[in-house]
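Enquirer: give me a model of this one.
(chains A, B and C)
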Amino acid sequence: MCYNQLNTYLLLIFYLINMVDSSLSHFNKSVNALKKLKISGYGKDFLRTWDKTEDEIRATATVAELVRDLYYAGISPRVFNQEIAVSIFRDNSTRTKYSFASATNILGLNVQDLDEKSSQIAHGETIMETANMLSFLTKVIGIRDDKFLGVGHNYQLEVAKSVDIGYEEGVLAQRPSVINLQCDEDHPTQSMSDFLQLIRYFGGINKLKGKKLAMSWAYSPSYGKPMSVPQGVIALLGRFGVDLTLAYPKGYELIPEIESYAAVQAKKSGGSFKITHNMEDAFTEADVVYPKSWAPYSVMKERTRLLKRSDKKGLDELEKQTLANNAKFKTWTCTEEMMKLTKSGKALYMHCLPADITGLNCKEGEVDASVFARYRKETYVEASYKPFVIASMILLTQYGVKTPEVLKQIIKRNQKLAL
Amino acid sequence: MCYNQLNTYLLLIFYLINMVDSSLSHFNKSVNALKKLKISGYGKDFLRTWDKTEDEIRATATVAELVRDLYYAGISPRVFNQEIAVSIFRDNSTRTKYSFASATNILGLNVQDLDEKSSQIAHGETIMETANMLSFLTKVIGIRDDKFLGVGHNYQLEVAKSVDIGYEEGVLAQRPSVINLQCDEDHPTQSMSDFLQLIRYFGGINKLKGKKLAMSWAYSPSYGKPMSVPQGVIALLGRFGVDLTLAYPKGYELIPEIESYAAVQAKKSGGSFKITHNMEDAFTEADVVYPKSWAPYSVMKERTRLLKRSDKKGLDELEKQTLANNAKFKTWTCTEEMMKLTKSGKALYMHCLPADITGLNCKEGEVDASVFARYRKETYVEASYKPFVIASMILLTQYGVKTPEVLKQIIKRNQKLAL
Amino acid sequence: MCYNQLNTYLLLIFYLINMVDSSLSHFNKSVNALKKLKISGYGKDFLRTWDKTEDEIRATATVAELVRDLYYAGISPRVFNQEIAVSIFRDNSTRTKYSFASATNILGLNVQDLDEKSSQIAHGETIMETANMLSFLTKVIGIRDDKFLGVGHNYQLEVAKSVDIGYEEGVLAQRPSVINLQCDEDHPTQSMSDFLQLIRYFGGINKLKGKKLAMSWAYSPSYGKPMSVPQGVIALLGRFGVDLTLAYPKGYELIPEIESYAAVQAKKSGGSFKITHNMEDAFTEADVVYPKSWAPYSVMKERTRLLKRSDKKGLDELEKQTLANNAKFKTWTCTEEMMKLTKSGKALYMHCLPADITGLNCKEGEVDASVFARYRKETYVEASYKPFVIASMILLTQYGVKTPEVLKQIIKRNQKLAL
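Expert: Purely as a prediction, here's the structure:
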């Protein structure tokens, strides 16, 4: 009887475990898909999408979606038991800042934002020193440094190299991941969110093949917006068979190497890439439109040159000139008429937010208020992927090939987010 | 024998469970009291006490006291497994800021304070957008916006509506609670702390019936203090049978609708309400005195009007006039002589802190140093309720009618706050 | 059979427990060493090393090393279940700020940094009030206040006294620990890190006996660096048999009472103490050199006097004079030639960082770039002890004589830092 009793208990436990397993089978499918991807070279950082293989990009998307699904199901993806996530914002931020705070937090870390003004960094400290001093009990360093051409990405590389050395020398117990929260070249947490939005919208990565996407410059009353968003979008989507049209007024080029990279990738992946100086042309029959302002490559180069010489007068003059030049292209804006040119007049409108909306937050801007209103919800959903993209980057940089195993444990553990 | 052994174990477990239950019976009594209150309409936000029914106010007090008791007993009330609490302070704050940080923290959340200057909000982003962008993994949004008449409460309402829409549209996985950390109309985390202080001091909610409370204007050398504290106090305590006397020099009216509300409630609840322009009159035979400076309604209205027109000169002129007018009423101060007029000379002195103390932090202020010194400890205890009030508001807005069940689990779980 | 089965289980459990115990025996040795030290008078704060007995200093070092070892082994030292750690930085900070955030975080707390500007403290609030208002759910208060002679330590004492009163009066449920993150007199989290670096470098506390350490002033282009680092170093190391040489140009005295204390302690502990005005003399045959700039005692006194009178002109004049005087001593710098004078030319170079490095972050500074480069790694390791020193101070001030028991639980529990 005692034996029977034990057996009954065991059967009950067996039944409960299987019940749980069956309700979690949806999550396990994602893990199995992940296992089929080659991620052994993922590396310890996420700086630019083009540093990653196609499989690694797919893995990043898969893990982001899984963490999101777990979150919506009220299951905690927490893998860390406290410790620090450092954020360094050298430019303003709202959504990326909160996305980073939320992502690190849900994994069990606490954000410590570095205030370079009230720190001793002005003191003349080297990047090598700062990077190591911030990393003794740190799992992740997120950096936004998008203001100066030729600076942002290099700064992130130097931080990464510094913590490599610190770890190799035994100064650090662990190697923190460096995550790019926007640099002068790429904005991978944004482009990966855009990617996930398109995957959801069209029903799968493979459905992106042959879709026409218009990444277009648009007029804005402000000056000096970074090029990293359009660059990030064309460089990433070119790799998944999208028919890319990059549109801008003459003189508003992006970094040439990135334009070339996108062209080569698009061809290789079965998509296409063309540049036009006619916005109507880009919008015609487009499945997706992404109208967004940026400062031209030549202006960004000149700006960095003047900044290095601390040429205040030159900088003011450059701003004046650029704004005057921008004003010549006020017709580059996403109106209802423009939208009518798109596929069945119903292309998906995308934006990294905040948008300059005509008549709402500026007199003349990137998009008509009525167009934005119709797609407002979609842009919010697009933004909502960012915390999960960041969480995915942290998991993959920290766990590498062990990521599927860790995710399995998270699913099996089935820890609740709230009582 | 094996069966006996198992039985012995079961008995031991049964005994241990019951031992724990009995030592926690004190806490369970509070939960049972809570169960008798109708809280099905509590809602997702706590903006003003007058938006809540009497039962809902009682529930807020009961849960706050219970969480405080658990805390003093070293038992963790943690219900969340990480996630974010956003705070937006549009005015200075020390105790409310730390109370919010402490309350959210002890429940398992991490505060992310929104710095509107270093965010992209200046960019012209809508409230709708900001509110949703901050809320993807957020359980609570706490807001202080008390500077401008007709603005603060409306801003909080708009944030609440925005996350309603975000949640309905599926942009947000959850609807974060919006908690008023002081607006132009009410300061509910303060008035609820005052309420708990009075309940403790007099020995129960029912003991407040017939107690005379003097909410009185007092002189301060500073200008433009919000009306939300006196408004919050009269609006809340009028509902529990208190005999309210609101005292101020002519011209120092509060928002008329709130004065009327307090009068109606006081009458309905078996208390009373009168306005006097004589501080002695208010203090005479008072059980409780709350001498506190505020800027008059008419000045607050004019100030908002000037601000909207960015009339810097007009604002300076208004400040000068108001300070000059205040100076006429320097005798409106809580001296030892004034205290002698109160019931047996021993009324309870209350203040939301920091007080303007004559001879201590200003030449002439709201209260004599000797009076304040005698009641210093009581004002600190009064302040100490605030974190627990905020925790209570979060639990009730998040769990609604399930709150008693959640509290039962917390008690039964008996998780320690520290090793 | 059922009985046998149970027995098998019990044996298996017994085996597993013992296996764990054996792999953790290294950690338990530290706990046993700790148990032999008298720490019953450790107290609730860590303000200055000279407030602690030799046993208490040894205990602080032992616990710091143990927490570090646990961390490197991936074992969580978390003892708190949420709650707040308050930091108050009245001067810039990078490494101490992150060390405090990391230390409190790994123990389970969340840092809330007090921004005195956006708080209501300017309002004229007393230290008594602020200290209590910040402490309702707070376990630790860390304070940096090093700018003004005669102010920093006293401020920390007053905060400590204030929370004593709050706790005694029942305003606070607990007495938070006050930790000195640098004051005008001592910088104990730095000197204890230096101490641990020397213990590791030489292979034990007892190996410090008879080692010659040169704590020397060095030229820096900046003005007004605090004296707390050299004071902290001589006051602490004098107690452990070190042969101390304090070197500075005439007029660059430290606080006289601290110089005397170090001299008395050095004699008592079997070491020695001398002051020289010749840097070569100090470096000759030294085992350790610590070249570091500071502002002289007389200047610090005058500066505080002028500040209290808000004498802006006098302060500017003082800065000019002091910088001019500093410039007379540019030869006080740690060159390769100076290093050759040390024991076998290979003394350990120490610095609290960031250092003023000649030709790297300044034209002429405290140390040659080549010397710093050779010891860079060692200075980073020196800095890496700080989070663990702070964690140790928190554990010992919070748990006192129960600390060994708590550490045993941490070891036995064997909770992982990451999945």
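
Enquirer: from here on, just use CA atoms for contacts and neighbour counts.
Expert: Noted.

Enquirer: which one of the residues in the stretch 251-400 of chain A is closest to chain C?
Expert: The minimum distance from the stretch 251-400 of chain A to chain C, using CA to the nearest CA, falls at A:Tyr399 (9.6 Å).

Enquirer: look at the nearest residue to that residue once chain neighbours are set aside and tell me its secondary structure.
Expert: Spatial nearest neighbour of A:Tyr399, excluding adjacent residues (CA to CA, 6 or more residues apart in numbering or on different chains): A:Val406 at 7.8 Å. Classification of A:Val406 by DSSP: H, G, I helix; E, B strand; the rest coil places it in helix.

Enquirer: low-confidence regions, chain A specifically.
Expert: Chain A contains residues with pLDDT under 70 at A:1-23, A:118-124.

Enquirer: domain map for it?
Expert: When chain A is parsed with automatic domain parsing, its domains come out as A:2-186+A:386-413, A:190-384.

Enquirer: if we can go back for a sec, same for the helix or strand hosting the residue of the stretch 251-400 of chain A closest to chain C, what does it pack against?
Expert: Applying DSSP states H and E as the criterion places A:Tyr399 in helix A:386-399. Applying 3 or more CA pairs under 8 Å, 6 or more residues apart in numbering or on different chains; DSSP states H and E, one finds that helix A:386-399 contacts strand A:45-46, helix A:54-72, helix A:95-106, strand A:177-183, helix A:188-202, helix A:403-413.

Enquirer: tabulate the domains of chain A in CSV, adding columns for mean neighbour count.
Expert: Below are the domains of chain A laid out as CSV (neighbours: other CA atoms under 10 Å in any protein chain shown):
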stretch, mean neighbour count
domain A:2-186+A:386-413, 20
domain A:190-384, 20
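
Enquirer: not counting sequence-adjacent ones, nearest residue to A:Lys416?
Expert: Spatial nearest neighbour of A:Lys416, excluding adjacent residues (CA to CA, 6+ apart): A:Ile75 at 4.8 Å.

Enquirer: quick revisit: hey, what's the angle from the helix holding A:Tyr399 to strand A:177-183? Just curious.
Expert: If you take axes from the mean of the first three to the mean of the last three CA atoms, to 10 degrees, helix A:386-399 sits at 140 degrees to strand A:177-183.

Enquirer: now the phi/psi pair for A:Phe273, please.
Expert: Dihedral angles of A:Phe273 (phi, psi; degrees, to the nearest 10) stand at phi -150, psi 130.

Enquirer: quick one: contacts for the residue nearest to A:Phe283 when sequence neighbours are not counted?
Expert: Spatially, and ignoring its direct neighbours in sequence, A:Phe283 is nearest to A:Thr342 (5.4 Å; CA to CA, 6+ apart). Applying CA atoms under 8 Å, 6 or more residues apart in numbering or on different chains to A:Thr342 gives the contacts A:283-287.

Enquirer: repeat that with 10 Å
Expert: Shown in contact with A:Thr342 (CA atoms under 10 Å, 6 or more residues apart in numbering or on different chains): A:212, A:214, A:280-289, A:348.

Enquirer: how about A:Arg413?
Expert: For A:Arg413, the contact set (CA under 10 Å, 6+ apart) comprises A:20, A:75-77, A:407.

Enquirer: do A:Met338 as well
Expert: Contact analysis of A:Met338 by CA under 10 Å, 6+ apart lists A:279-284, A:332, A:345, A:367, A:371.

Enquirer: ok, which pair from these is furthest apart?
Expert: Spatial extent of the contacts of A:Met338 (CA to CA) is set by the pair A:Asp281 and A:Val371 at 18.8 Å.

Enquirer: so where does A:Ala160 fall, helix or strand?
Expert: Counting by DSSP H and E, A:Ala160 is part of helix A:152-168.

Enquirer: tell me if that helix is near chain C.
Expert: Yes: interface with chain C: helix A:152-168 contributes A:165-166 (CA under 10 Å from any CA of the partner chain).

Enquirer: that helix packs against which elements?
Expert: The criterion is 3 or more CA pairs under 10 Å, 6 or more residues apart in numbering or on different chains; DSSP states H and E, and the helices and strands that helix A:152-168 contacts are strand A:45-46, helix A:127-133, strand A:138-145, strand A:177-183, helix C:369-384.
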